[in-house]
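>>> got a predicted structure plus its sequence, pasted below:
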Amino acid sequence: MGEGIVTTIGSAESYKSVLESPDAISKTVLKRGLDVGSAFEILSIDIADVDVGENVGAKLQEAQAEANKNMAQAQAEIRRAAAVALEQEMKARVQEMQAKVVEAQAQVPLAQAEAFRSGRLGVMDFYRMENVQADTQMRSSIAQPEGKK
């Protein structure tokens with residue numbers, strides 16, 4: 001009998017269709033000859049009530065979906081942490097490059113003083129260079145849009 005019940009419910013599209021017509025279980029038992037070889041002959045099967053237990057397959061699918069979600073969240077957190085670390089590394093590189101620029105700018109007056117002492121740079125050359133730098137700075141400020149000044 002148990003085999004007939006399990007087979008009928010398992011082969012149905014939904015357990016609800018078996019609940020609607022429980023005689024399908026009787027038909028399956030008789031059709032498969034499950035009464036053969038027993039001491040009894042099955043004349044009919046009366047099913048008064050069918051209780052549906054919990055769906056273990058659905059619970060397993062739910063647990064697997066939850067595990068997959070947790071794995072995806074963990075992977076996303078790893079990618080986020082890597083992005084934050086890369087951002088911090090880039091900020092440190094910018095600071096390093098800015099320090100190199102400041103260091104190079106500090107050497108310019110020293111080089112100018114050495115050029116004055118050695119005679120490679122005269123006072124008039126220095127004023128012309130200052131004039132060119134001021135002119136360049138003025139043109140740059142004129143070329144920039146209003147909001148960027």
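Yep, that arrived.
>>> max-length helix in the chain?
Longest helix in the chain by number of residues (criterion: DSSP state H): helix 56-118.
>>> could you measure from the residue of the chain most remote from its centre over to A106?
Farthest-out residue of the chain from its mean C-alpha position, per C-alpha atoms, centre = their mean: G119, at 64.8 Å. Distance from G119 to A106, counting by C-beta to C-beta, to the nearest Å: 23 Å. The way it works is simple: take the backbone N, C-alpha and C, and place the C-beta from them, glycine included.
>>> same thing with A92?
For A92, the distance to A106 - C-beta to C-beta - is 21 Å.
>>> same question for R32.
Distance from R32 to A106, counting by C-beta to C-beta: 96 Å.
>>> can you check Q144 too?
27 Å.
>>> identify the residue nearest the geometric centre of the protein.
Ranked by distance to the mean C-alpha position of the chain (C-alpha atoms, centre = their mean), the top residue is A76 at 3.7 Å.
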